[in-house]
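In: After the sequence you'll find the predicted model.
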Amino acid sequence: MVAARLAALLALALPAAAHVIQITGVTIRTDPTRTTVTITAHLPLLAHTDPNVELPRRLRLRLDDTWFRAVSTAITRDPGGDTLSWEGTDPRPAASFKLDAPIFPDVPGDTTVVAVYRDGKLIDRAALTPQHPAAVLGENTSAVIRRFIEMGIAHILSGPDHILFVIGLILAGGTFRRLLAIVSAFTLAHSITLSCTALGIASLAPRIVEPMIAFSILVVGIENLLTGKPKFNHRVAMAFGFGFFHGFGFAGALTESGLPQNAIAASLAAFNIGVELGQGLIVALAVPALAYLNHQSPKLHGIVVRAAAAVIAIAGAAWFLQRTLFA
């Protein structure tokens, strides 16, 4: 029975991580009266500890917004292998389930494969690794969309590097149509790499992505300082070219949170919408403020723009050095 279950779990894990050499299985079953969790683990990983203590300690599972707490437990050992199954029951149902970490994050090569059943029907699954350590499962599509929109907004607004790059792109001003074209070029580029990375089509190592994001901020700051009024076509090309690297940066946050297998397209689109909403908020605040300042005092506007460009360039240079020399 356990061997068959592990074989099925391996089949689930292969699409997400073809290099898997060991599987820890987590099965979550919920109905209107309770939630039952079964962990199937290899005995050597437990290192002679008490499974009734060690496995609940390692299970970082939340039912909606509260931690899973087993009021009854049972252990079944596989007489023909090196695995055991721990089962715990919490007398509460849940609409969604969040795992914050794999069961054995300290074991290289071990993947936690999770399957969620509601009223006996498989509704979601995920594979957790140290690279993709968390997942929210069991949500309906509307909840997924709402969560990923909020995540996208929070990511761009909490990232000073992305904010400074966007401000740098629009700092020199211009007509509404030209500013829209510049921001759209950035949006198109980072949407491409964000989607490719999240879907496993292409990726770029953070050791390359993070310094390039910093370099993009340095370049846009220096260009504003040296030219004052950058050429429109050059600014569009810059927004598009560096946008690819910012997209890889956005993807890092997205893949770490884990895309729900039952709503990959919806979650990816929602995260992208959230990023655009956050980006739009930055533009909506910065452009009118700069235009008003220019209308009131062109001289002061010029001083503010050059000072802002200097701050952007200095921040970009500092981040670039930090991410290349001290990473």
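Out: Sure, I can see it. Residues are numbered from 1 along each chain as shown.

In: Residue 126 should be in a strand, yeah?
Out: Yes. Assigned with DSSP: H, G, I helix; E, B strand; the rest coil, residue 126 falls within a strand.

In: Tell me if I'm right that it and residue 260 touch.
Out: Yes. Using C-beta atoms under 8 Å, residue 126 is in contact with residue 260, at 7.4 Å. Heads up, the C-betas are built off the backbone N, CA and C, glycines and all.

In: overlap in contacts of those two?
Out: Counting by C-beta atoms under 8 Å, 6 or more residues apart in numbering, the shared contacts of residue 126 and residue 260 are 135, 137.

In: Quick one: neighbours of residue 65, just the number.
Out: When neighbours are counted by other C-beta atoms under 10 Å, residue 65 registers 8.

In: ok now do the residue positioned nearest the centre of the chain, which residues does it touch?
Out: For the chain, residue 254 is the residue whose C-alpha lies nearest the centre (C-alpha atoms, centre = their mean; 1.9 Å). Neighbouring residues of residue 254 by C-beta under 8 Å, 6+ apart: 151, 194, 197-198, 268, 271.

In: swap in residue 199?
Out: Contact analysis of residue 199 by C-beta under 8 Å, 6+ apart lists 264, 268.

In: Quick check: it vs residue 119, distance?
Out: 30 Å (C-beta to C-beta, to the nearest Å).

In: again with residue 66
Out: With C-beta to C-beta as the criterion, residue 66 and residue 119 are 21 Å apart.

In: For stretch 208-227, buried residues please.
Out: Across stretch 208-227, burial judged by 16 or more other C-beta atoms under 10 Å covers 209-225.

In: Also stretch 139-147?
Out: By neighbour count on 16+ other C-beta under 10 Å, the buried set for stretch 139-147 is 139, 144-145, 147.

In: Tell me which two of the residues you listed sit farthest apart.
Out: Based on C-beta to C-beta, the longest span within the buried residues of stretch 139-147 runs between 139 and 145 and measures 9.3 Å.

In: what's the overlap in contacts for those two?
Out: residue 263.

In: And the closest residue in space to residue 140 that isn't next to it in sequence, its phi and psi?
Out: Among residues not flanking residue 140 along the chain, residue 95 sits closest, at 7.7 Å (C-beta to C-beta, 6 or more residues apart in numbering). Torsion angles at residue 95 (phi, psi; degrees, to the nearest 10) stand at phi -90, psi -30.

In: I'd like to know how far residue 95 sits from residue 186.
Out: Using C-beta to C-beta, residue 95 is found at 36 Å from residue 186.

In: got the domain boundaries for this structure?
Out: Domain assignment for the chain by automatic domain parsing gives 2-137, 141-325.

In: Okay, and the beta partners of residue 90?
Out: Taking DSSP bridges as the rule, residue 90 bridges to residue 35.

In: who's in contact with residue 69?
Out: Going by C-beta under 8 Å, 6+ apart, residue 69 touches residue 90.

In: For it, give me phi and psi.
Out: The phi and psi values for residue 69, taken as degrees, to the nearest 10, are phi -130, psi 110.

In: Just the pLDDT for it.
Out: Per-residue pLDDT puts residue 69 at 95.

In: again, but for residue 87
Out: Turning to residue 87, the model gives it a pLDDT of 97.

In: quick one: it is in a strand?
Out: Yes. According to three-state DSSP, residue 87 belongs to a strand.

In: Is residue 55 within a helix or a strand, and which one?
Out: When elements are assigned from DSSP states H and E, residue 55 belongs to helix 51-58.

In: Just name whatever secondary elements that helix is in contact with.
Out: If contacts are counted by 3 or more C-beta pairs under 8 Å, 6 or more residues apart in numbering; DSSP states H and E, helix 51-58 sits against strand 34-42, strand 72-77, strand 83-90.
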